[in-house]
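1. everything below, folded, please.
(2 chains)
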Protein chains: 2
Amino acid sequence: MAASADSPVYRATTTAPVNIAVIKYWGKRDAVLNLPTNSSLSVTLSQRSLRTLTTASCSAIYPAQDELILNGKPQDIQSSKRTLACLSSLRAHRKEVEAADSSLPKLSALPLRIVSENNFPTAAGLASSAAGFAALVRAVADLYQLPQSPRDLSRIARQGSGSACRSLMGGYVAWRAGTLEDGSDSLAEEVAPAAHWPEMRAIVLVVSAEKKDVPSTEGMQTTVATSNLFATRANTVVPERMAAIETAIQNRDFPAFAEITMRDSNGFHATCLDSWPPIFYMNDVSRAAVRLVHDINRAVGRTVCAYTFDAGPNAVIYYLEKETELVAGTIKAILGTKADGWEGPFYEPMKDLSAPGVALDKVDSRAVEVLEDGVSRVILTGVGEGPVSVTDHLVSEKGDVLSH
Amino acid sequence: MAASADSPVYRATTTAPVNIAVIKYWGKRDAVLNLPTNSSLSVTLSQRSLRTLTTASCSAIYPAQDELILNGKPQDIQSSKRTLACLSSLRAHRKEVEAADSSLPKLSALPLRIVSENNFPTAAGLASSAAGFAALVRAVADLYQLPQSPRDLSRIARQGSGSACRSLMGGYVAWRAGTLEDGSDSLAEEVAPAAHWPEMRAIVLVVSAEKKDVPSTEGMQTTVATSNLFATRANTVVPERMAAIETAIQNRDFPAFAEITMRDSNGFHATCLDSWPPIFYMNDVSRAAVRLVHDINRAVGRTVCAYTFDAGPNAVIYYLEKETELVAGTIKAILGTKADGWEGPFYEPMKDLSAPGVALDKVDSRAVEVLEDGVSRVILTGVGEGPVSVTDHLVSEKGDVLSH
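-> A predicted model of the protein is given here:
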């Protein structure tokens, strides 16, 4: 059957960002509803560097079963309970809309065709699932013209992938753990918009794009079940850090933001190491990045950069735009010819930097060597906005899958 | 002045062993008295592999100031408060002996010349200070013919180097943290003699003999002061593990001993990582050893080996003699031609092993590569006895420094 005035193809397309947590999500108190053991907080990264583009469409001309195509590959949607949970919630909301206004088309009854593309490799520790589920939920909500706010939708995205709830908003975003059993108070909230502190920059040092050893869902459950130190982290340490980092963000206090970020990353990886069997995500290259950041801060005499590591070896280094020369300039002096990625919109302010901001004899020479050998790519980015509705659809007016 | 019947040179010589903790000492509650935040437990390693040899001598012919010569190098004894504290306590005990029997020579009034040699590199993460201070205290106590038991002397050795108190005894030794402010109940106790479980073997994988980054005294104080997870370890986790591992030792229950050992090593390094700034002692080679041990245990289907790491990258792998083929045989298949050290008394039972006990396709191939590249030496040893009085003095009858 072809698309026609009687059987139109409805479409909505959105982009969604990656977010990198500065207070880490690690541990579920409910694995089905994706309820976390502790609150977390992230910086939404600019979609000028990293983004997922997703088109949600529905039409009577489609096969009866919903379809999902990721990076050109059809997915087995029926085996993904998480995807089914998101789509089921979104359809239920559409039914409410349709029930309230009978003039609206019955989109909830039509099969979906969802097409999504990342502009970065999946499963490389770059939070691709967060951007992916945020884009899916945002695109279907737009297709269904749902009245729900990003905060409301974050409840749904959370069921797809916990950290996805934080990618529905820009800037500085908290995921409140909540306390209710049904998870209705476990949702994302904007702590501050990107415009409140737009100078935040991030360099991602991509250590390895190989698939990681222990997937985070499995790893975090191992930690909850076996680490003797985890309960202290979840119950005591993180709540204090959440309050402190929100204050630091409100005050645009980079040194405080930086120290909390680094300590929380270290504490998270400490509970991984304390798990049984132990989980290691950081390697010698990651540790060289830790060393470099501490050495830059020591050489400058104040805290101008901060590292954080997700469930993988890649380092994300935060700094403020005004410290571009000291931080990015020093990293460029080390990796400018060794790693790819010195390009894009965030490269402009450092294009003309030739000398390191911090003399390289002030940083550990062995760390420099390890970074030169172990970092394959840098990604230059900064704080950015939440999902944006766009018109470069990945599904044609006739319902065909397009590609960008 | 020369030695003579009127001015004899008094001598006593002892050996002392290295010990490797299975429940780690990390953190002081009193830095002057070397009182620990938590109890610890170690295996004393055989002196057939690693030992310190120390001669304590005293004579009226010596210069007025006490002398200490370590591995051929005179030490500035006056700047070492710890050495001074040990010698002062030992002299006070000698004075008590002399006061009780006026026929005894007044050795406490004579200058000391102490000469000590390790048969392994110092400060390479091999607990050289533990063996060194144990030997010093034991040698001077023998010279002074003190009536104090090893348990009593462990209070003195503790003030030299915390873990030294555990090297005054053989077998399986606990250092009770104690609760008294003056430290009088913070001492070592034999949990079981070597003869109770003589089959315990250990392979040390020497990853790097370079001096370590953060000395342990400084590192542990950083952890106590900054790690949010440390108090949970010291107050809750370690006391439970101490009780459990003592039971495992009494029952000669290797799987229980092994799991507690591995988990405590991981938990200790987790609190290092949680310190600020973070402390890393394990590197990618250490982690490859962790992987190898888990893979061997998985392939065999029971726990036949256990790793532990002190404040450095070297792995110590415990196993029982009957599992020599499975554990040492597999390690020999990997490192037999790549690392030095396949020699000595503990090499005998594995001399004729040519095939690995566990097929190498059952262990992570990348871990094997990293170990081949990163381990420079193996040390083959096992549980052993405490200090032994010997006659191969490092000081001649005339008071001259000798060398072996």
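
2. average pLDDT for the helix or strand where residue A:135 lies?
-> Secondary structure from DSSP states H and E places residue A:135 in helix A:128-143. The average pLDDT within helix A:128-143 is 95.

3. got the CA positions of it in PDB?
-> Once side chains and other backbone atoms are set aside, the C-alpha atoms of helix A:128-143 remain, and they are given as PDB (Å, rounded to 0.1, in the frame of the first residue of the first chain):
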ATOM      1  CA  SER A 128      24.900   6.500  23.000                       C
ATOM      2  CA  SER A 129      21.900   4.800  24.600                       C
ATOM      3  CA  ALA A 130      21.100   8.000  26.500                       C
ATOM      4  CA  ALA A 131      21.000  10.100  23.400                       C
ATOM      5  CA  GLY A 132      19.200   7.300  21.600                       C
ATOM      6  CA  PHE A 133      16.300   6.800  24.000                       C
ATOM      7  CA  ALA A 134      16.000  10.600  24.600                       C
ATOM      8  CA  ALA A 135      15.600  11.100  20.800                       C
ATOM      9  CA  LEU A 136      13.200   8.200  20.500                       C
ATOM     10  CA  VAL A 137      10.900   9.500  23.300                       C
ATOM     11  CA  ARG A 138      11.100  13.100  22.100                       C
ATOM     12  CA  ALA A 139      10.400  12.200  18.500                       C
ATOM     13  CA  VAL A 140       7.400  10.000  19.200                       C
ATOM     14  CA  ALA A 141       6.100  12.600  21.700                       C
ATOM     15  CA  ASP A 142       6.400  15.200  18.900                       C
ATOM     16  CA  LEU A 143       4.800  12.900  16.400                       C
END
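
4. between helix A:128-143 and the helix or strand just after it, find me the angle.
-> Taking DSSP H and E as the definition, the helix or strand that follows helix A:128-143 towards the C-terminus is helix A:150-160. If you take axes from the mean of the first three to the mean of the last three C-alpha atoms, to 10 degrees, helix A:150-160 sits at 130 degrees to helix A:128-143.

5. beyond helix A:150-160, next helix or strand please.
-> Scanning the chain past helix A:150-160 towards its C-terminal end, the next helix or strand to appear is strand A:172-175 (assignment: DSSP H and E).

6. dump that following strand to CSV, restricted to CA.
-> What follows is the C-alpha trace of strand A:172-175 in CSV, where atoms were taken according to Å, rounded to 0.1, in the frame of the first residue of the first chain:
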residue,chain,number,x,y,z
TYR,A,172,22.9,21.2,33.8
VAL,A,173,20.5,18.4,34.6
ALA,A,174,19.7,16.4,37.8
TRP,A,175,18.1,13.1,37.8
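
7. direction included, what does that strand pair up with?
-> The strands that strand A:172-175 pairs with in its sheet are strand A:40-44 (antiparallel), strand A:188-192 (antiparallel) (by DSSP bridges).

8. what about stretch A:52-71, average pLDDT?
-> Computed over stretch A:52-71, the mean pLDDT rounds to 97.

9. start and end of that stretch, how far apart?
-> 10 Å (C-alpha to C-alpha, to the nearest Å).

10. any low-confidence regions in the stretch 201-350 of chain A?
-> Per-residue confidence for the stretch 201-350 of chain A (pLDDT under 70) gives these ranges: A:208-213.

11. same thing but at 80, please
-> In the predicted model, the stretch 201-350 of chain A carries pLDDT under 80 at residues A:208-214.

12. quick one, helices of it?
-> Under the criterion DSSP state H, counting those that start in this stretch, the stretch 201-350 of chain A carries helices at the ranges A:216-226, A:230-232, A:238-250, A:254-273, A:284-300, A:328-335.

13. what helices and strands are in contact with the fifth one?
-> Counting contacts by 3 or more C-beta pairs under 8 Å, 6 or more residues apart in numbering or on different chains; DSSP states H and E, helix A:284-300 packs against strand A:306-308, strand A:315-320, helix A:328-335, helix A:365-374. In short, each C-beta sits where N, CA and C put it, glycine included.
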